[in-house]
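Trainee: Make a model of this:
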Amino acid sequence: MNESPPEVRKRTWEKLHGIHAPTGLSVILKLRGLYVKIGQVLSARADFMPLQYVNCFMTLQDSVPPWPTKEAENIVREELQMSQGLNFDDVFESFGEALGSASIGQVHRAVLKPQYSNIGGYSGGRNVAIKVMHAGVEDRFLNDFK
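Mentor: Model (predicted):
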């Protein structure tokens, strides 16, 4: 079969996009924040992006993998101590796996200790959802927009 150069180029580019789209997704997931948002936008632009990237980045629309629970717990632990002078173990009875994850953070189920379930105007009970911003995402966003 004799192929013309444009057909060969098209097949070559399609193959390369198929190889590199998953790598692009991995980089986006590692950098998080603004890069996830950009990936989400690109996944909706089949008129602009090669189909391999659109299909690969489409997972960013509804399923960003969560960071390890221990990492999120450490962020909450540090923030509680710094901003409120409270010990994580004094406040929470349990801190569960992520319920969902997005570009700048994730949400965890937690259970407050009884003494924290009805103070300072809060009266929602002991079962709570804790929204945790990914480590360093605020600084990264500020740098990305400079």
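
Trainee: what sits against T69?
Mentor: Neighbouring residues of T69 by Cβ atoms under 8 Å, 6 or more residues apart in numbering: F95, G96, E97, A98, H108. (Glycine included, C-beta is placed from N, CA and C.)

Trainee: Only whichever of these are buried, select them in PyMOL.
Mentor: A single PyMOL command suffices to select whichever of the contacts of T69 are buried according to 16 or more other Cβ atoms under 10 Å:
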select buried, resi 95+98+108
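
Trainee: and the contacts of T69, which two are the farthest apart?
Mentor: Farthest pair in the contacts of T69 (Cβ to Cβ) is F95 and A98. Separation: 10.5 Å.

Trainee: list residues touching both of the two?
Mentor: By Cβ under 8 Å, 6+ apart, the residues touching both F95 and A98 are T69, A72, H108.

Trainee: Averaged over its residues, which helix or strand of the chain has the lowest pLDDT?
Mentor: helix 137-144 (a mean of 66; mean pLDDT, DSSP states H and E).

Trainee: Low-confidence stretches in this protein?
Mentor: 1-3, 137, 140-146 (pLDDT under 70).

Trainee: what's the longest strand along it in contact with?
Mentor: Secondary structure of the chain per DSSP state E: the longest strand is strand 92-101. Outside strand 92-101, the residues within contact range by Cβ under 8 Å, 6+ apart are 64-67, 69, 72-73, 76, 88, 106-113, 126, 129-130.

Trainee: Packing partners of the helix or strand hosting V8?
Mentor: Applying DSSP states H and E as the criterion places V8 in helix 5-31. Applying 3 or more Cβ pairs under 8 Å, 6 or more residues apart in numbering; DSSP states H and E, one finds that helix 5-31 contacts helix 34-43, helix 51-57.
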